[in-house]
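A.B. asks: sequence first, predicted coordinates after that:
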Amino acid sequence: MNLLEDPWIPVRADLGTGAFQLLTYRELLCDVGRDWQISLPRDDLELACLQLLVCMTQVMFLPEDDATLRKRMAEPLTAEGFDAGIAPCRGWFDLDHPTHPFMQTRGVRAEKPTAVQKLLIGLPEGNNHAFFNEVGEIGKLSAPLVAVVLFNQASNANSMGGGFKGNLRGGTNPYLTPVNIFVAGSGLRDTIWKNVLTESRVRANLPGWERWSSNDLPTWVKPIAANEAIDSTDIGLCRGLFWQPAKLELTLEAKPDSCDLLDGFQGQVYRSFKKEQFKFSVTGLWPHPHGAKTASRKDEKLVWKYSSFRADTPAWTQLSEFVVSRGVGDPDAKEGSEPSGPVAQAEAMGSGRMHLWVGGYCAKQGSIVGRRHEMISLAHGWEDDKERLPKLVNIGKEAKKALYGKLSIASNGYENKKKKIKLKGIGAAIHETAEKLFYARTESLIHMTFSSEATFREWGEKRRDYAGQIAQHCRDIFEELTLPYAMKPELIPVIAWSRRGLNVDLKKLKEES
């Protein structure tokens, strides 16, 4: 299967309500068509498919400037324009190319094949049953899905185990699973172009980069040498976007078959692949356009890393770092954040209301313990004062911190030897339950606040209302969790002490807002 010519993009027409079909890349970019939406059975695979399409378009159809990009958003490519764009890359995107198959290495040596399910991030191996009920539940994958999961594994997963390197954004951390932040458009083609950066913005991040240079080839076309020491500044746009840190080789089944994930498919399938350990090193962080970065001061300088999800917190808690630039270029900054390239570009081009598609995996060392894929909307006006959005995020985070902290005291008890105070604790971990309830009950309020134009138009009033509603949720959760224990006289003091402390913190939070 060749991603440049064959039908492989799983879509539904009419913004996801139409019939399912496999679309060609040419049809997607050239036909007027209907409003397509990617349609796959897992949200992480849908986002990976979008990212793959964005990367292909970024490399082959790099827009010169904002005017060119706006034209691409408004009009389909011509057949001649499409042919010219894919011409330098015709042999790069063939899953079964005899010498350099897409995202693979020919001649991989392995004692035994690995089941294709391992390419699905979060597969059930050992005690890890994050997304599937049984080991071996996915026995065969179609060519369209294999292309997506190969790319996803290389770009967004942690390493495949000892002796294997992780994705390019991990730096020296092989366990990092980066967050991707894309700008959502009105349909699939519009979304793709909204996330393709102009040439000037690419060059700003990659000084000295030469397009179509012999050094800027995909890693399966120009392989990484064994034990090679690579400086991230030497990695070009194409090579970085399609970085493959592992040696893998798919095994094509001789007979066409159905796919265990893509309903109705009948055709080219894969049951296994070979993998081989491979050593090399990369120094520094490559400026990947699809991830946000954060920085903290260490040894008198800012040390940057790519954002990753925390397993126990929703995406909104990191929204400030996803969209607000802080400390970039400031040698005296104590901390910093840098949004993804598409978000920064959309703001510079005057997007107004912004819809974000945010996704990534939650890792605990070598294991995937969860995933988050969310849509977040920001109302027009958020970009006028860059301090406002962080303040809203901070109100939610500080309220949760107050609730968790005071219920932790209620749970574990309190002692102050100097003041001769000793309060018996409840003995149950109600603070951990409170954290989960807080996130669940405030999620809709927080998203509604971020997406409402009144929030930024009537800033003072709406901010105080928001803080008050968050505070009330905290009080309700506190009373709900402590009520069963309030009937015991020996626990009344610690509950009263904790309640008083919570009210003080919440009052302060509302006054400061």
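C.D. replies: Here it is on my side, so go on. These numbers come from a predicted model, not from an experiment.
A.B. asks: when you work out contacts or count neighbours from here on, use the C-alpha atoms and nothing else.
C.D. replies: Noted.
A.B. asks: what is the least confident helix or strand in the chain?
C.D. replies: Within the chain, confidence by mean pLDDT, DSSP states H and E is lowest for helix 13-16 among all helices and strands, at a mean of 82.
A.B. asks: ok, the following helix or strand past that one: who's next to it in the sheet?
C.D. replies: Going down the chain from helix 13-16, the next helix or strand is strand 20-23, by DSSP states H and E. Strand 20-23 pairs in its sheet with strand 9-12 (antiparallel), by DSSP bridges.
A.B. asks: distance between the strand it pairs with and the chain's centre?
C.D. replies: Counting by C-alpha atoms, centre = their mean, to the nearest Å, strand 9-12 is centred 21 Å from the centre of its parent chain.
A.B. asks: same thing with stretch 390-404?
C.D. replies: Taking the mean of its C-alpha atoms, stretch 390-404 sits 23 Å from the chain's own mean (C-alpha atoms, centre = their mean).
A.B. asks: ok, and what's touching that stretch?
C.D. replies: The contact list for stretch 390-404, computed with C-alpha atoms under 8 Å, 6 or more residues apart in numbering, reads 316-320, 431-432, 434-435, 438, 446, 463, 467, 470-471, 474, 478, 502, 505-506, 509, 513.
A.B. asks: among the residues you listed, which ones are in helices?
C.D. replies: Among the contacts of stretch 390-404, the members found in helices (DSSP state H) are 319-320, 431-432, 434-435, 438, 446, 463, 467, 470-471, 474, 478, 502, 505-506, 509.
A.B. asks: show the residue spans covered by the helices in the stretch 201-350 of the chain.
C.D. replies: 237-241, 319-323, 341-348 (DSSP state H, counting those that start in this stretch).
A.B. asks: using a markdown table, lay out those helices together with mean neighbour count.
C.D. replies: Formatted as a markdown table, the helices of the stretch 201-350 of the chain follow (neighbours: other C-alpha atoms under 10 Å):
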| stretch | mean neighbour count |
| --- | --- |
| helix 237-241 | 23 |
| helix 319-323 | 22 |
| helix 341-348 | 20 |
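A.B. asks: can you redo those as JSON lines with distance to Phe20?
C.D. replies: Putting the helices of the stretch 201-350 of the chain into JSON lines (distance: least, C-alpha to C-alpha, whole Å) gives the following:
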{"stretch": "helix 237-241", "distance to Phe20": "28"}
{"stretch": "helix 319-323", "distance to Phe20": "33"}
{"stretch": "helix 341-348", "distance to Phe20": "28"}
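A.B. asks: which of the ones in helices among the contacts of stretch 390-404 are buried?
C.D. replies: Neighbour counting by 16 or more other C-alpha atoms under 10 Å classes 319-320, 431, 434-435, 438, 446, 463, 467, 470-471, 474, 478, 502, 505-506, 509 among these as buried.
A.B. asks: which helix or strand contains His355?
C.D. replies: Using DSSP H and E, His355 sits in strand 354-364.
A.B. asks: and for whichever strand or helix holds Ala440, what's in contact with it?
C.D. replies: According to DSSP H and E, Ala440 maps onto helix 430-451. By C-alpha under 8 Å, 6+ apart, the residues outside helix 430-451 that reach it are 313-314, 316, 376-379, 389, 396, 400, 403-408, 411, 455, 466, 470, 473-474, 477-478, 481.
A.B. asks: 6 Å instead?
C.D. replies: Identification of contacts with helix 430-451 by C-alpha atoms under 6 Å, 6 or more residues apart in numbering yields Ser377, Leu378, Ala379, Tyr404, Leu407, Ser408.
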